[in-house]
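S.K.: From the sequence below, what's the structure:
(chains A and B)
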Amino acid sequence: MLLSKLVSERTKEMPADAQIRSHALLVRAGYIKLVANGIWTLSCPAKRICSKIEKIIREEMDAIGGQEVSFPVVMPKELWEESGRYAAIGEEMVRFEDRCGRPMVLGMTHEEAAVHLCKNWVSSYQQLPFMIYQIQTKFRDEARSRGGLIRVREFVMKDAYSFHADKEDLEAYYDKVYEAYNRIFKRIGMKDFVAVKSDSGMMGGNVAHEYMLLTEAGEDTIAICADCGYKANIEVAESVREPIGDEISEDIAEVYTADKTEIAELCDYLKIRPLRVIKAVSYNIKGSDQTVLVFIRGDLEVNEAKLKKIIKKDIAPSNLQDSKELVAGNIGPIGLRLNNAIIIYDKSLQNCNNMYCGANKPEYHLKGVDVQRDMQITAFYDVAKVKEGESCPVCGKALSLRNGIEVGNIFQLGDKYTKSMNMAVLDSEGKAFNPIMGCYGIGIGRALASVAEESNDEYGLIWPMSIAPWHVYLCPLRIDNPEIKQKADELYNQMTKAGIEVLYDDRDISPGVKFSDCDLMGIPLRLVISPKTLANNQTEIQSRDRRHKLNPNTEDTIRVIQELIKE
RNA sequence: CGGGGUGUAGCGCAGUUUGGUAGCGCGUAUGGUUCGGGACCAUAAGGCCGCGGGUUCAAGUCCCGCCACUCCGACCA
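M.R.: Just a heads-up that it's a prediction; the model follows:
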């Protein structure tokens, strides 16, 4: 490829609106261009990177028995009604009508299409298991896209679906995918990534993992135990907390607390620590007036993902100011009168004593509360957000919190789709059952951006050889010199013939511009020829990561480059 | 959806307070001198000042409405 013909704009200046490095550098180096909010064009080099990532994914998916298919982007409403998701999914799914007025949707995931493809073909357990996958454009009308290619509305995704006769088989296959994913991310040159336990969200199902690139720019938070290796998305992460209290339980008594209702000012007023307080947090079930009231230790926050899972309903924070039953700021679990409400007690309260809580009347709180003695609680649930430094649920050592970008995920789906869509096969006794499914996704563009996020320096991007748009940046200095031009052309042709991918900077401009474009674009190897090198019958090879700097003889150049690429 | 910011040449921005000839840097074109870490000189091209309405002799600038982008939050298989 001749750089003079490459359609991509490189700029000296960092885009002002980019908040994270991958966004800034991908735009600056001319890899991506914004078309509309969350919708990008990939230029040739970015497309080449994607193709290489896809190739690696195909190899690994095929290696675990996958078969590549292609589902439609546009699907009829009916398909999504079968699974119940036409109603369940909100505005992020694009809906429209075709010319005949038939309702259609744009695919944002393809469980329905996968079941549709397989349901008539499979009739016996003997055909199980199998896995189908595709690499295809998805559209999700995200409420808010951001971060360059990190969070977009239109993106290419590898999505895979496996079908199994029983849980054991699914679990065994899930482990295979787990390993395949580790290989994929390693091969595309991602370094600091982990697989963490996650929430299965709207996909349904139970066991799920997310592959996270650990980086400050990440949108997700992950709890990690450095000691035993426990890792979980904060949405599901657990921790162990010791009960708060003293040896001797005091008696319950009312205390005057004036207008202090916020935890911070209440603690200040009473000279106590927040963890001595039983805090009330209230929500409404979405689409109804039923209240969900959570009691939790004062220093902790409610993890809404956990809460939703427990009550199995969608919730929204409620406004207590117009409540007739609750005294905002003075809500307590004792003497509470509430109709039609779900009350959840967090595990952090278990066995605590000498606690403070609202007295359910203005300007008063209770002290000396002993959770076991004074409250009739049948069940405690874990609905608290894990905090930095809390104890690991496995080994008890301190947990740390890290940010991460979700680059892939794997789910054990169960029979949610096969059941709702009536996909049944016969078992060995001739009895019909619904196969169970797993599904497995990787966002291609996000993977590209994640590598960019992790792999760069003050001069620009640094692509790993495995996904670099080109292996070599051919950089002749003084190309106005016919000798140089001839030598460069010659090397370009030879390398291309030898299967080396070369970006040839054939522009007649000053060396500094060439060097900085090469660094900015992050091409792994830079091959310089100049009057200086040619005088010694040499060339100059430098790797973008500065690990190699060689001056081979001209005739050895290609061999040296091939070795470096292999390495 | 809520809150902030910004829309002026391909890119980055000034000009808007106080209305009066459309500016700067980079990039681009031509000629010349340079050239191993973003060279220099000269000349030139390039604008519906986001869109629509209004006020005014006169609007990039003031008023009203809309749109887009962006950041923070809500949301997110």
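S.K.: wait, what's in contact with the residue in the stretch 301-450 of chain A positioned nearest to RNA strand B?
M.R.: Among all residues of the stretch 301-450 of chain A, residue A:441 sits closest to RNA strand B, at 5.0 Å; criterion: C-beta to the nearest atom of the strand. Placement of C-beta: from N, CA and C, glycine included. For residue A:441, the residues meeting the contact criterion (C-beta atoms under 8 Å, 6 or more residues apart in numbering) are A:109, A:157-160, A:408-410.
S.K.: Make sure I have this right: it is in a strand.
M.R.: Yes - the assignment for residue A:441 (DSSP: H, G, I helix; E, B strand; the rest coil) places it in a strand.
S.K.: And the pLDDT at the closest residue to it other than its chain neighbours?
M.R.: Distances taken as C-beta to C-beta, 6 or more residues apart in numbering place residue A:159 nearest to residue A:441, at 4.9 Å, with adjacent residues excluded. On pLDDT, residue A:159 comes in at 97.
S.K.: tell me what whatever helix or strand residue A:159 lives in is packed against?
M.R.: Taking DSSP states H and E as the definition, residue A:159 sits inside strand A:154-164. Helices and strands touching strand A:154-164, by 3 or more C-beta pairs under 8 Å, 6 or more residues apart in numbering; DSSP states H and E, are helix A:44-63, helix A:111-118, strand A:130-139, helix A:167-187, strand A:436-443, helix A:444-454.
S.K.: Single out the most deeply packed of those.
M.R.: helix A:444-454 (a mean of 27; mean count of other C-beta atoms under 10 Å).
S.K.: mind saving the C-alpha coords of it as PDB?
M.R.: The C-alpha trace of helix A:444-454 is given here as PDB (Å, rounded to 0.1, in the frame of the first residue of the first chain):
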ATOM      1  CA  ILE A 444     -14.400  -6.600  17.200                       C
ATOM      2  CA  GLY A 445     -14.100  -2.900  17.200                       C
ATOM      3  CA  ARG A 446     -14.100  -2.800  21.000                       C
ATOM      4  CA  ALA A 447     -11.300  -5.300  21.000                       C
ATOM      5  CA  LEU A 448      -9.300  -3.100  18.500                       C
ATOM      6  CA  ALA A 449      -9.900  -0.100  20.700                       C
ATOM      7  CA  SER A 450      -9.000  -2.000  23.800                       C
ATOM      8  CA  VAL A 451      -5.600  -3.100  22.400                       C
ATOM      9  CA  ALA A 452      -5.100   0.600  21.400                       C
ATOM     10  CA  GLU A 453      -6.000   1.700  24.900                       C
ATOM     11  CA  GLU A 454      -3.400  -0.600  26.400                       C
END
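S.K.: just checking, next helix/strand downstream of it?
M.R.: The helix or strand immediately downstream of helix A:444-454 is strand A:456-457, counting by DSSP H and E.
S.K.: What is the subsequent helix or strand relative to that following strand?
M.R.: Helices and strands here follow DSSP H and E; after strand A:456-457, the next one along the chain is strand A:460-461.
S.K.: how distant is that following strand from the center of its chain?
M.R.: Averaging C-alpha positions (C-alpha atoms, centre = their mean, to the nearest Å) puts strand A:460-461 23 Å from its chain's average.
S.K.: Stretch A:182-201 too?
M.R.: With C-alpha atoms, centre = their mean as the basis, the distance from the averaged C-alpha position of stretch A:182-201 to the chain average is 9 Å.
S.K.: Also stretch A:355-365?
M.R.: The gap between the average C-alpha position of stretch A:355-365 and the chain average comes to 42 Å, counting by C-alpha atoms, centre = their mean.
S.K.: okay, how far is it across that stretch, tip to tip?
M.R.: From the first residue to the last, stretch A:355-365 extends over 10 Å; the measure is C-alpha to C-alpha, to the nearest Å.
S.K.: Show me what it is in contact with.
M.R.: Taking C-beta under 8 Å, 6+ apart as the criterion, the residues outside stretch A:355-365 that touch it are A:244-245, A:254-259, A:266, A:270, A:272, A:276-278, A:280, A:295, A:298, A:326-327, A:329-337, A:349, A:366-367, A:369-371.
S.K.: same check, this time on stretch A:213-225
M.R.: Residues external to stretch A:213-225 that are found in contact with it (C-beta under 8 Å, 6+ apart): A:19-22, A:147, A:150-151, A:190, A:192-194, A:196, A:210, A:212, A:230-234, A:237, A:239, A:386, A:392, A:394-395, A:397-407, A:450, A:453-454.
S.K.: Report the rounded mean pLDDT for it.
M.R.: Rounded mean pLDDT across stretch A:213-225 is 92.
S.K.: Say whether RNA strand B is contacted by that stretch.
M.R.: Yes - Stretch A:213-225 comes into contact with RNA strand B when judged by C-beta under 7 Å from any atom of the strand, the residues involved being residue A:219.
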